[in-house]
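Participant: Pasting the sequence and the predicted coordinates here, then a few questions.
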Number of protein chains: 2
Amino acid sequence: MARKYKHLGARLRLVLGPDIAIGPGKVDLLEQVQETGSIAEAGRTLGMSYKRAWQLISTMNDAFKAPVVVTSRGGASKGGATLTAFGEDLLKRYRRIQAQTERVVGPDLEHLTSQLANGCDET
Amino acid sequence: MARKYKHLGARLRLVLGPDIAIGPGKVDLLEQVQETGSIAEAGRTLGMSYKRAWQLISTMNDAFKAPVVVTSRGGASKGGATLTAFGEDLLKRYRRIQAQTERVVGPDLEHLTSQLANGCDET
């Protein structure tokens, strides 16, 4: 049977408005865009279709006053993608509060995991 | 258009194993079971079908060594549902770390909300 959750641990979602939330999916994507300079490549790394990756970026670009990612088509950069200063700030803020949340949650997460019937090895 | 997110703010999900996560949905349900003494009533309060409410409880009861909710069918209590000591502990732990997370996230949440193109009033 397929596993429902891929990543163990504390997952944080910031619901900012009725149509916009920033969670692990969008943040991982921003990070990969920053690393690869390409939305397609970032999506591939995360096992996400280009369409899905583009939709997530587009949702963020539309939601905020400033875009999070800008793209350049053609020319030497061949459709590269770059995080804006706001995109970098968003990524940094999320990573910081994620780390703080993990520290807060750590002991309880450990305790609750110890209360699982089958531990982490169930298949 | 339907709003995608009903509750604004920080949402915390504890992914304990590949098939079990504790997030706002299950925790709200536990809280309502505690308040109403009934899975059906708890589901109704949250706009959730009885089937869905029962599935969420069942997932938790199966995942841990101890159940989170016990039910009694028939008799004077007519199918009442009660949180076990472990269920109460789970609820209390989650609420505590949720409150701590909200304190950690507060200032960034406020800042990011101020960066939204349409504020919170978009329809």
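Facilitator: Alright, I've got the coordinates.
Participant: By residue count, which helix of chain A is the longest?
Facilitator: In chain A, assigned by DSSP state H, the helix with the most residues is helix A:85-114.
Participant: Next, the buried residues of it.
Facilitator: Using 16 or more other Cβ atoms under 10 Å in any protein chain shown as the test for burial, helix A:85-114 gives A:86-87, A:89-91, A:93-94, A:97-98, A:100-101, A:104-105, A:108-109, A:112-113. For the C-beta atoms, the positions are set from N, CA and C on the backbone; glycine is no exception.
Participant: swap in stretch A:61-70?
Facilitator: A:61, A:63, A:64, A:67, A:68, A:69.
Participant: and it with chain B, contact?
Facilitator: Yes. Stretch A:61-70 is in contact with chain B by Cβ under 8 Å from any Cβ of the partner chain, via A:62, A:63, A:64, A:65, A:66.
Participant: Could you check the pLDDT of residue A:116?
Facilitator: Residue A:116 is assigned 96 on the pLDDT scale.
Participant: Counting neighbours, what do you get for it?
Facilitator: Residue A:116 has 17 neighbouring residues, counting by other Cβ atoms under 10 Å in any protein chain shown.
Participant: Poorly predicted segments of chain A, please.
Facilitator: The model of chain A has pLDDT under 70 over residues A:1-2, A:74-79, A:119-123.
Participant: What are the boundaries of the helices in it?
Facilitator: Under DSSP H, chain A gives helices at A:24-36, A:39-45, A:50-63, A:85-114.
Participant: chain center to the second one: distance?
Facilitator: For helix A:39-45, the distance from its own C-alpha centre to the chain's C-alpha centre is 12 Å (Cα atoms, centre = their mean, to the nearest Å).
Participant: what packs against that helix?
Facilitator: Secondary-structure packing of helix A:39-45 (3 or more Cβ pairs under 8 Å, 6 or more residues apart in numbering or on different chains; DSSP states H and E): helix A:24-36, helix A:50-63.
Participant: Tell me how far residue A:110 lies from chain B.
Facilitator: Computed with Cβ to the nearest Cβ, to the nearest Å, the distance linking residue A:110 and chain B is 10 Å.
Participant: which ones are touching the residue lying closest to residue A:66 once chain neighbours are set aside?
Facilitator: With sequence-adjacent residues excluded and distances taken as Cβ to Cβ, 6 or more residues apart in numbering or on different chains, residue A:66 is closest to residue A:86, at 4.1 Å. Contact partners of residue A:86, counting by Cβ atoms under 8 Å, 6 or more residues apart in numbering or on different chains, are A:64, A:66, A:67, A:68, B:115.
Participant: what residue lies at the spatial centre of chain A?
Facilitator: Nearest residue to the geometric centre of chain A (Cα atoms, centre = their mean): residue A:27, 2.4 Å.
Participant: tell me the contacts of that one?
Facilitator: When contacts are counted by Cβ under 8 Å, 6+ apart, residue A:27 touches A:91, A:94, A:95, A:98.
Participant: from those, which is closest to residue B:31?
Facilitator: For those, the residue nearest residue B:31 by Cβ to Cβ is residue A:98; the value is 25.5 Å.
Participant: and residue A:63, how far is that from residue B:13?
Facilitator: With distances taken as Cβ to Cβ, to the nearest Å, residue A:63 is found 21 Å from residue B:13.
Participant: picking that back up, mind picking the two most distant members of the buried residues of stretch A:61-70?
Facilitator: A:63 and A:69 (12.5 Å).
Participant: Select, out of the helices and strands packed on helix A:39-45, the one closest to residue A:17.
Facilitator: Per Cβ to Cβ, nearest to residue A:17 of the helices and strands packed on helix A:39-45: helix A:50-63, 7.0 Å.
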